[in-house]
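have a look; sequence and predicted model below, questions after that.
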Amino acid sequence: MNRPVLANVTGVVIDGRTLLIEGSPGTGKSTLALALIDRGATLVGDDAVRIAREGDALVASPPPNTAGLIEVRNVGIVELPVAEGPVGLILALDPAAPRFPVASASRDIEGVVIPVLPFAPGDAVQALRAEHALRLHGLPLPKADKKA
């Protein structure tokens, strides 16, 4: 099966759900991902993730050509463990993001509606803010299929 790849998107799995971080080059996607990984998240992909609809969920997985690789600014490319998981939230990095979410935004990807939250990057507690954003604004984990 040919799975589409989203570019300019970095993904990490937190507590079973994938947090997608989108933004232009140099906006801090990898930096935020590394801060989240330091807090226990697992890399899905840096600057690209594969996606596929599975039931009612959109599942993000590592892209085949760069699986496990992430850029560490001023250091180079490093290899990390990877995971895949259902997408719970998209953080749209934007230095002008409002202090409080004012309206619910979402995006339809492969027929699955994913919440989108504008997110100001670059402060010392951005990883903690991202975890709370996923908890408060993200989709719940899909229910496991019950098979007898």
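Looks like it came in fine.

and the strands in this structure?
5-7, 9-14, 17-22, 42-45, 48-54, 57-61, 69-72, 76-79, 85-93, 105-109, 112-119 (DSSP state E).

so which elements touch the longest helix along the chain?
In the chain, with assignment by DSSP state H, the single longest helix is helix 126-137. Here helix 126-137 touches strand 17-22, helix 29-38, strand 85-93, strand 112-119, going by 3 or more C-beta pairs under 8 Å, 6 or more residues apart in numbering; DSSP states H and E. C-beta: built from backbone N, CA, C; applies to glycine.

how about these in a markdown table, adding mean neighbour count?
Output for the helices and strands packed on helix 126-137, formatted as a markdown table (neighbours: other C-beta atoms under 10 Å):
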| stretch | mean neighbour count |
| --- | --- |
| strand 17-22 | 26 |
| helix 29-38 | 21 |
| strand 85-93 | 24 |
| strand 112-119 | 19 |
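
between these, which gets nearest to Pro142?
Closest to Pro142 of those is strand 85-93 (C-beta to C-beta; 5.3 Å).

just checking, what packs against that closest one?
If you count contacts as 3+ C-beta pairs under 8 Å, 6+ apart, strand 85-93 packs onto strand 9-14, strand 17-22, helix 29-38, strand 57-61, strand 112-119, helix 126-137.

strand partners (parallel or antiparallel) of it?
Sheet partners assigned to strand 85-93 using DSSP bridges are listed as strand 17-22 (parallel), strand 57-61 (antiparallel), strand 112-119 (parallel).

now mean pLDDT too, for these, in a markdown table please.
As requested, the strands paired with strand 85-93 are exported to a markdown table (pLDDT from 0 to 100):
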| stretch | mean pLDDT |
| --- | --- |
| strand 17-22 | 98 |
| strand 57-61 | 98 |
| strand 112-119 | 96 |
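
got the ones you listed as JSON lines, with distance to Asp38 columns?
As requested, the strands paired with strand 85-93 are exported to JSON lines (distance: least, C-beta to C-beta, whole Å):
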{"stretch": "strand 17-22", "distance to Asp38": "14"}
{"stretch": "strand 57-61", "distance to Asp38": "20"}
{"stretch": "strand 112-119", "distance to Asp38": "18"}
